[in-house]
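Q: 3D, please:
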Amino acid sequence: MLGIGVWALMLVGSGAIHYYLWIRLVRDTTSRATRARRLATGAVVASALAAPGARIATPLFDPSDGGGGRWVAWPGYTLIGVLLYLLLALVVLEVPRALLVRGWRRTERESAPVRAAEPEPAVLVTSGPAPTPETPEPRSTPAATPAASDLLVGRRLFLGRAVGTLAGAAALGTVGYGMSVALGDPLIKRVPVALSKVNTRLAGLRIAVVSDIHLGPMLGRSHTERIVRMINGLQADLVTIVGDLADGTASQLGPAARPLKGLESRYGSYFVTGNHEYLYDGVEDWLDEMRDVGVRPLVNERVEIEHNGAFLDLAGVEDLAGEETGRGPDLGRALAGRDTSRPVVLLAHQPVFAEEAARHGVDLQVSGHTHGGQMFPLTAVTALSNPVSAGLGRVDDTALYVTSGAGFFGPPVRVGAPADITLLELRAPRTLSGR
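A: Here you go, the predicted model:
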């Protein structure tokens with residue numbers, strides 16, 4: 001649950017963002033002291049409260065399929081998605097907007113009428129011949145006329161409305177596309193992974209990977225049923241669920257997770273916790289729920305998988321977020337006493353744990369957590385803060401695979417980071433001859 005300090009920061013941040021939105025979408029598009037400006041200002045204030053309010057209030061409501069959380073989450077989180085892309089579009093349009101306004105100002109100065117200065121009075125001479133009077137040259141200064149000023153105001157009003165319309169259309173179009181991706185079927189990715197300790201007998205072992213299902217007020221039982229159906233179609237030897245199963249307690253969302261009982265695999269299904277399992281009381285209840293549906297939790301432990309007479313160690317650790325409650329990962333315990341000639345595959349929710357895995361000689365770590373960034377341009381931020389944000393990479397001698405997850409958190413939007421379910425296939429290393 002979020003603390004009061006975080007709530008305050010969210011409200012202040014929302015206020016600052018909405019002040020900028022008010023400038024560009026209200027002040028620049030309406031005339032002063034008009035009903036349109038008053039109504040638009042009210043809408044901006046309401047949005048400034050509703051956006052953080054959705055994040056604050058949603059956990060206070062029942063997130064189950066029949067609960068009231070959906071009535072807060074759907075409009076609130078969708079609004080957050082629209083605001084993100086509205087802000088991004090307006091920032092991108094700042095440059096052409098500034099250039100146009102600068103050009104109009106220059107044109108106004110150049111076309112301003114010239115106002116003649118008063119001629120200097122002639123000087124009277126009391127003696128001598130009268131000098132020939134010289135006509136003084138007038139000094140001119142530009143003077144803006146009311147018509148020119150009105151023209152500039154009209155141009156700025158037109159520009160403000162054009163910018164607002166373009167930004168609004170871009171935001172709504174992007175969110176509409178992103179929602180269709182987020183709410184559609186996850187992609188199926190088939191990824192071969194060559195590991196040095198995999199021999200020819202173990203080669204070909206298939207591991208289905210799904211993470212970040214995020215059951216809650218926007219994703220319920222039908223979401224789980226779809227995931228089970230897609231995983232079963234892969235005919236995997238192992239099924240792994242790598243954390244962030246749900247945003248709520250087992251008593252609230254256990255029924256939405258029950259279809260996991262239908263998972264089919266040759267050597268069983270396994271689960272490790274993610275950071276969201278520790279956001280609510282009762283992580284042990286979720287571990288019991290997984291056991292009830294036939295999915296084995298790996299709580300800082302490992303199991304031995306035999307395939308074609310060869311052996312693989314499958315290990316799992318609790319998420320780093322568990323450290324705040326006296327739990328957390330213990331990789332030393334999970335790997336204690338194992339045969340180091342065997343390859344070990346580690347399930348750890350957060351990719352940053354791969355540095356610890358590399359120090360313990362883990363061959364492959366499988367993670368989730370990142371959502372691949374979920375929404376551009378947050379994809380860039382995610383890439384900077386993780387050793388691998390999505391896909392297959394390496395941390396020292398440890399291979400690291402990160403799935404983008406099968407659900408979403410916050411806005412029901414995915415842009416540039418589609419959801420996925422992955423089938424990893426273990427391969428033996430190639431010989432020096434390349435065969």
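
Q: when you work out contacts or count neighbours from here on, use the C-alpha atoms and nothing else.
A: Fine.

Q: where does the stretch 301-435 of the chain dip in pLDDT?
A: 431-435 (pLDDT under 70).

Q: distance of Tyr278 from Ala256?
A: Per CA to CA, to the nearest Å, Tyr278 is found 18 Å from Ala256.

Q: same deal with Leu215?
A: Plainly put, Leu215 is 7 Å away from Ala256 if you go by CA to CA.

Q: what's the answer for Val402, then?
A: 25 Å.

Q: for the two, indicate the residue with more neighbours.
A: More crowded of Val402 and Ala256, by other CA atoms under 10 Å: Val402, with 29 against 21.

Q: tell me what the more buried one is bridged to.
A: Ser367, Gly391 (DSSP bridges).

Q: doesn't Ala383 make contact with it?
A: No. Under the criterion of CA atoms under 8 Å, Val402 makes no contact with Ala383, lying 11.5 Å away.

Q: which residues do those two both contact?
A: Ser389 (CA atoms under 8 Å, 6 or more residues apart in numbering).

Q: and Ser265, that's in a helix?
A: No. With DSSP: H, G, I helix; E, B strand; the rest coil as the criterion, Ser265 is coil rather than part of a helix.

Q: distance check, it against Gly233.
A: 10 Å.

Q: equivalent analysis for Tyr177, please.
A: Distance, Tyr177 to Gly233, using CA to CA: 27 Å.

Q: do the same with Pro96
A: Distance, Pro96 to Gly233, using CA to CA: 51 Å.

Q: where along the stretch 251-400 of the chain do the helices fall?
A: For the stretch 251-400 of the chain, the helices defined by DSSP state H, counting those that start in this stretch occupy 283-292, 331-335, 354-359, 378-385.

Q: quick one: closest of those to Ala43.
A: Nearest to Ala43 among the helices of the stretch 251-400 of the chain is helix 378-385 (26.5 Å), distances taken as CA to CA.

Q: and that closest one, which residues are buried?
A: 379, 382 (16 or more other CA atoms under 10 Å).

Q: just the CA coordinates of it, formatted as CSV?
A: The C-alpha trace of helix 378-385 is given here as CSV (Å, rounded to 0.1, in the frame of the first residue of the first chain):
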residue,chain,number,x,y,z
LEU,A,378,9.1,4.3,-20.6
THR,A,379,10.7,1.5,-22.6
ALA,A,380,13.9,3.6,-22.7
VAL,A,381,13.8,4.2,-18.9
THR,A,382,13.4,0.4,-18.3
ALA,A,383,16.3,-0.4,-20.6
LEU,A,384,18.6,2.0,-18.6
SER,A,385,17.7,0.5,-15.2
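
Q: got a list of contacts for it?
A: Contacts of helix 378-385 (CA under 8 Å, 6+ apart): 370, 372-373, 389, 416-417.

Q: select only the buried ones of the residues you listed in PyMOL?
A: Here is the PyMOL command that selects the buried residues among those (16+ other CA under 10 Å):
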select buried, resi 370+372+373+389+417
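
Q: counting neighbours, what do you get for Val239?
A: Neighbours of Val239 using other CA under 10 Å come to 25.
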